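S.K.: coordinates only, sequence not included:
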């Protein structure tokens, strides 16, 4: 009886302790609900883009009403506000898709005459260029069915028309690309969300119809001329790779950077340096802010009687805006500017500049204006990195206050100096670790790669970038009107050379290029959520974050690879052998999809190397392989007798029509044309087949193809999705 009584008391004591812990954890989160707003919006946007079918507004209107009710009732219940924001995220994404929706091509075409205005152009290396054309007319196509924009590739020999020029040209057009494997990255969706309805290749010379740009492109034309002038000035002082990187950092033009340099920076973990993002915006706008404030501080009348800090913040805002325009106003650059603009605006209204609250506000603005950012790697990586840094800054500020008090109590100046230097060095190392660890979560999911030595590379290169490269870039730009840019650009070049040397050295270290198997969305979501909890929660509840990260690591961190993969054009295919290695069909075709399959399988091998593995037996007419007791055959050449006996799965890169009807499973050119890339699992008697088009669902950006006709008919979305 006594034992039972003591057991009951102990159980109630444990419950009381748990209640007290939960109550204390909840109390520590008071006033921090707004910090979770961008995460709630992100979950709603993810939910929208994860749907298998496009929802109608008739279905979503009740949810909009529910969100309004939840917001009204959330004054004392922050959890209801977050649920309402998740619903709003879904609605924002739906509205954004409706606004950008436009007709898209759904069949290849013969060479057609196209007229339009060049909205953007960029060199793509080896004497080629990519043109984004605002379409006015396409031969044989109704005006109401025209794609809004086309992405066309051409040789520079075919003409080098400028942005804003109205041109006429013949081109072979094609629908937007589909994923290289079911569930893979959908580049076609990304193009569609940017208003591009098809791709193409120029077959004739560009004929310029007019050089007077429309009003909406006059600023773009002016900025392009400025970029070209700046690039010419840079190339007069610097040359080769150094000039290419300097031009990329100042104007955003990256096409001249050699492939091997890009690869080196990617392996070392310094690839973020080559694309203008938050780091560059902070260094440029922050450098302007510091310089202006320091200059004004030398004038006592202004320093003592006027808000020079706010003046400097205003100048920095304008400088950052101009830098964004000069760098091409890419989506990533716009996001970076919004984030730093919120920081400087906080200074203007006498609020702390660096805080998690400011980051949350900037992220909410970005997601409200462009909900599709939530599914893109650049936003996820930058948000996670800055979230980690701002959370660390909050912790660091609290710790430093107490530490500075101890430092001030030291008697000898040398001890104070040594302690401050040690603290500064520790902060630099920790911030690099934090930013790298946080951004590696989305990077691993989207790119299947991590840079194990990125801490070393960034620790060595960032001081060079922040103290030499970017300050000299800013000084060189400001001195260009005076013709005095050569000295700072020369110093910038020396910094770039050192940066390249660091990247090449780190990239050459053992196991510097680490490829990861394709990660499951659930795993990535859990790890990102756990990392956010670690940064945003206060008190003992923060310890839940690492547990959620561990759950993401162990609960399906790797997606199982199929036994057979078939390219979206049937130009190649591959099997997975008993050792789990990918074995593509021997040959030179389809190297791009094979490289992506190898990456998804977590292999560092190149396609030619993988094709040398044993598994396929080839003769003049076909290649065969044994996979889980099934005989798989691949045929590339149409015509002649085709031996079908003993084949369980037959894949052909041409229409089989009535051939080999006795084969249990046949997949030919028509099948992949209609459904995209195929993946087969052969665990059971009946193979499980998934296709890229089935995985994508019935969404506005998913184009159902049609056969090529003399009278080309483009795909047009439903009236509810049309503008």
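M.R.: Thanks, I have it. Please read all numbers here as calculations on a predicted model, not as lab measurements.
S.K.: now do the same end-to-end measure for stretch 534-549.
M.R.: Its first and final residues considered, stretch 534-549 spans 9 Å by C-alpha to C-alpha, to the nearest Å.
S.K.: tell me the strands in the stretch 401-550 of the chain, going along the chain?
M.R.: Ranges of strands in the stretch 401-550 of the chain, per DSSP state E, counting those that start in this stretch, are 449-450, 514-515.
S.K.: Mean neighbour count, the ones you listed: which tops it?
M.R.: strand 449-450 (a mean of 18; mean count of other C-beta atoms under 10 Å). Bear in mind the C-beta positions are built from the backbone N, C-alpha and C, glycine included.
S.K.: what packs against that one?
M.R.: Packing partners of strand 449-450 (3 or more C-beta pairs under 8 Å, 6 or more residues apart in numbering; DSSP states H and E): helix 413-447, strand 514-515.
S.K.: what's the least confident stretch among these?
M.R.: Sorting those by mean pLDDT places helix 413-447 lowest, at a mean of 74.
S.K.: any chance of the strands of the stretch 401-550 of the chain in JSON lines, plus distance to residue 693?
M.R.: Output for the strands of the stretch 401-550 of the chain, formatted as JSON lines (distance: least, C-beta to C-beta, whole Å):
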{"stretch": "strand 449-450", "distance to residue 693": "27"}
{"stretch": "strand 514-515", "distance to residue 693": "27"}
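S.K.: and residue 160, which of these is closest to it?
M.R.: strand 449-450 (34.8 Å; C-beta to C-beta).
S.K.: Quick one: the helices in the stretch 1-150 of the chain, in order.
M.R.: 2-28, 37-49, 57-73, 78-100 (DSSP state H, counting those that start in this stretch).
S.K.: can you check the stretch 501-650 of the chain too?
M.R.: Going by DSSP H, counting those that start in this stretch, the stretch 501-650 of the chain shows helices at 521-536, 544-554, 591-600, 607-611.
S.K.: Tell me the strands beside the longest strand seen in the chain, with direction?
M.R.: Ordering each strand of the chain by length in residues (DSSP state E) puts strand 112-125 first. Sheet pairing for strand 112-125, assigned by DSSP bridges, gives strand 128-138 (antiparallel), strand 166-174 (antiparallel).
S.K.: tell me which residues in that strand are buried?
M.R.: For strand 112-125, a neighbour-count test (16 or more other C-beta atoms under 10 Å) marks 112, 114-121 as buried.
S.K.: what two of the residues you listed are the furthest from one another?
M.R.: By the measure C-beta to C-beta, 112 and 120 form the most distant pair in the buried residues of strand 112-125, at 21.2 Å.
S.K.: dump the residue contacts of the residue most central in space within the chain.
M.R.: Among the residues of the chain, the one closest to the centroid is residue 377, at 2.5 Å (C-alpha atoms, centre = their mean). Residue 377 makes contact with 442-443, 446-447, according to C-beta atoms under 8 Å, 6 or more residues apart in numbering.
S.K.: looking at those residues, which has the most residues close by?
M.R.: For those, the largest number of neighbours (other C-beta atoms under 10 Å) sits with residue 443, at 24 neighbours.
S.K.: Now do the same contact list for the closest residue to that one other than its chain neighbours.
M.R.: Closest residue in space to residue 443, ignoring its immediate chain neighbours: residue 381 at 5.8 Å, by C-beta to C-beta, 6 or more residues apart in numbering. Applying C-beta under 8 Å, 6+ apart to residue 381 gives the contacts 272, 439, 442-443.
S.K.: which pair in these spans the largest distance?
M.R.: 272 and 442 (12.5 Å).
S.K.: Kindly provide the distance from the residue nearest to the centre of the chain to residue 139.
M.R.: Separation of residue 377 from residue 139 (C-beta to C-beta, to the nearest Å): 37 Å.
S.K.: hmm, back to that, between the contacts of residue 381, which sits nearest residue 192?
M.R.: Ranked by distance to residue 192 (C-beta to C-beta), the contacts of residue 381 are led by residue 442 at 21.6 Å.
S.K.: Assign a three-state SS to the closest residue to the closest one other than its chain neighbours, would you?
M.R.: With C-beta to C-beta, 6+ apart as the criterion, residue 442 has its nearest non-adjacent residue at 3.7 Å, and that residue is residue 380. Using DSSP: H, G, I helix; E, B strand; the rest coil, the secondary structure recorded for residue 380 is helix.
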